[in-house]
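Visitor: Could you look at this predicted model? Sequence included:
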Amino acid sequence: MPFLGISDDETAWVAVRVEENGQVRRKGVVQLSARTEEVLHHHYGQPAGGSGALQLPDDVNNVDLAQSGFAWFSSVVGAVRLGNSQSVTFGEARGVRGEVVSDVLVGTGNRVWVAAAEGPGYYFRQTFEFRMPQAVRAARPLALALDAVGDVWGAGGNGLVRFDGTDWQIYGADVLPVSSFVDLEADPEGRLWVLAEDRVLIVGPGRRIEE
């Protein structure tokens with residue numbers, strides 16, 4: 001099970017692997033509801049597992065369910081939005097620079113952030129915005145997280161970035177014991193957990209960094 005997401009209405013979104021011709025590969029996402037017996041399998045090609053199944057890239061990486069009525073996924077062909085009986089892929093043609101998206105995040109103000117191949121950007125009022133400071137674009141975060149006060153964080157091979165709604169802050173080798181990261185998550189207590197290859201860093205509510 002590559003990932004699992006559960007929305008407020010108790011709908012579960014489960015990425016699945018299947019065996020075909022002796023090989024195991026990803027095959028989209030299964031949607032399950034605690035309120036009905038309907039099971040939908042969203043994947044590439046002929047939809048299966050319910051009449052409401054939609055087209056979805058097989059190799060989606062993760063899901064964010066914080067935008068009411070929609071599920072957002074990251075994939076190598078862009079950010080994908082499922083909702084209102086539609087599947088929409090946002091790649092180069094729809095404004096996602098570099099097309100490959102490693103993470104998606106629904107932030108405050110209904111902005112949907114993406115960690116794209118050419119740097120972070122966000123979707124707002126039906127358009128994408130990628131005009132970020134050069135240092136932020138160069139950081140190219142692979143993973144995104146929203147902390148308890150609504151700041152957006154990004155982590156990748158060039159350190160951490162943070163957006164407080166107005167300004168960006170860069171955390172690199174000058175302030176961190178390591179500056180290459182693979183993932184990060186925020187907890188309800190206001191801490192940020194940042195995963196490196198050989199350790200975990202904790203960023204406390206006062207921006208104090210601990211190993």
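Guide: The structure has been received and is ready for your questions.

Visitor: Residues contacting stretch 185-200, please?
Guide: Under the criterion Cβ atoms under 8 Å, 6 or more residues apart in numbering, residues 145-149, 153, 155, 160, 177-178, 180-184, 201-205, 211 lie in contact with stretch 185-200. Where C-beta positions appear, they are placed from N, C-alpha and C, glycine not excepted.

Visitor: tell me which residues in it are buried?
Guide: With burial defined by 16 or more other Cβ atoms under 10 Å, the residues of stretch 185-200 counted as buried are 186, 191-192, 194, 196.

Visitor: In space, what's closest to residue 103 - neighbours in sequence excluded?
Guide: Leaving aside its sequence neighbours, residue 103 sits nearest to residue 115 (Cβ to Cβ, 6 or more residues apart in numbering; 4.2 Å).

Visitor: What strand or helix carries that neighbour?
Guide: Here residue 115 is covered by strand 112-116, with elements defined by DSSP states H and E.

Visitor: Output the below-cut-off pLDDT ranges for the chain.
Guide: For the chain, the stretches flagged by pLDDT under 70 are 47-50, 206-207, 211.

Visitor: is it true that residue 90 touches residue 78?
Guide: Yes. With contact defined as Cβ atoms under 8 Å, residue 90 and residue 78 form a contacting pair (4.8 Å).

Visitor: Please enumerate the shared neighbours of the two.
Guide: residue 96.

Visitor: tell me the SS of residue 202?
Guide: strand (DSSP: H, G, I helix; E, B strand; the rest coil).

Visitor: Return stretch 28-38 as PDB; C-alpha atoms alone will do.
Guide: In PDB, the C-alpha atoms belonging to stretch 28-38 read as follows (Å, rounded to 0.1, in the frame of the first residue of the first chain):
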ATOM      1  CA  GLY A  28      -4.000   3.900  -9.400                       C
ATOM      2  CA  VAL A  29      -6.200   4.400  -6.400                       C
ATOM      3  CA  VAL A  30      -9.200   2.600  -4.800                       C
ATOM      4  CA  GLN A  31     -11.900   4.800  -3.300                       C
ATOM      5  CA  LEU A  32     -13.900   3.300  -0.300                       C
ATOM      6  CA  SER A  33     -16.600   4.900   1.700                       C
ATOM      7  CA  ALA A  34     -17.700   4.100   5.200                       C
ATOM      8  CA  ARG A  35     -21.200   5.300   4.300                       C
ATOM      9  CA  THR A  36     -21.900   3.200   1.200                       C
ATOM     10  CA  GLU A  37     -20.800  -0.100  -0.200                       C
ATOM     11  CA  GLU A  38     -19.600   1.400  -3.500                       C
END
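
Visitor: Need the residues that contact that stretch.
Guide: 9-16, 39-44, 49-50, 52, 56-58, 60, 63, 73.

Visitor: Could you do stretch 89-103 as well?
Guide: 57, 61-62, 74-81, 88, 114-119, 121, 123, 127-128, 130, 141-144.

Visitor: Equivalent analysis for stretch 15-26, please.
Guide: Contacts of stretch 15-26 (Cβ under 8 Å, 6+ apart): 1-4, 27-30, 41, 58-60, 63.
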